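Asks: Quick one, fold the following:
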Amino acid sequence: MYNNASRNRELSSQKQDPESLERDNDSAVNHMSDRVAMLKKITSDIHTEAESHHRLLDGLSDNMGGVSGMLGQTMGHFNKTFVDNKNGRQFCYMVGGMVFIIWLFYYLASGT
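Replies: Predicted structure coming up:
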């Protein structure tokens, strides 16, 4: 199949004059040059976009690291205040009692 196509091109090229072939060749080269320039621009744009996303993700990673540290400190304070200390248990009972009293007043005030 390839040999037939190659042979047909050779026969058709023999029928055309060399100047016509040169013009066709120049046209094809110009077309390929345009395509290469377009692909170069696209790859440059992709690279720029990837760099932008990379910077964004680095910043996000730094922010998440800070949040993780603050959350760890908060949990440490919570454990120190409520778990390790007997007064923490009493504080939880007091908060629970206050919530119950507020709920009781709401229930009585609503008239149900």
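Asks: Give me the number of neighbouring residues for F91.
Replies: Counted with other CB atoms under 10 Å, residues neighbouring F91 total 13. C-betas here are computed from N, CA, C, even on glycine.
Asks: how near is it to N63?
Replies: 33 Å (CB to CB, to the nearest Å).
Asks: Kindly report the same for V29.
Replies: 51 Å.
Asks: repeat for Q16
Replies: Distance from Q16 to N63, by CB to CB: 67 Å.
Asks: And the residue sitting nearest the centre point of the chain, what's its pLDDT?
Replies: Nearest to the mean C-alpha position of the chain, by CA atoms, centre = their mean, lies H53 at 6.7 Å. Per-residue pLDDT puts H53 at 92.
Asks: And it, its phi and psi?
Replies: For H53, the backbone dihedrals (degrees, to the nearest 10) come out as phi -70, psi -40.
Asks: That one: what's it in contact with?
Replies: With contacts taken as CB atoms under 8 Å, 6 or more residues apart in numbering, H53 has no neighbouring residues.
Asks: Can we start the residue count at 21 from this point?
Replies: I'll keep to 21 as the first residue from here, and by that count the last item is H73.
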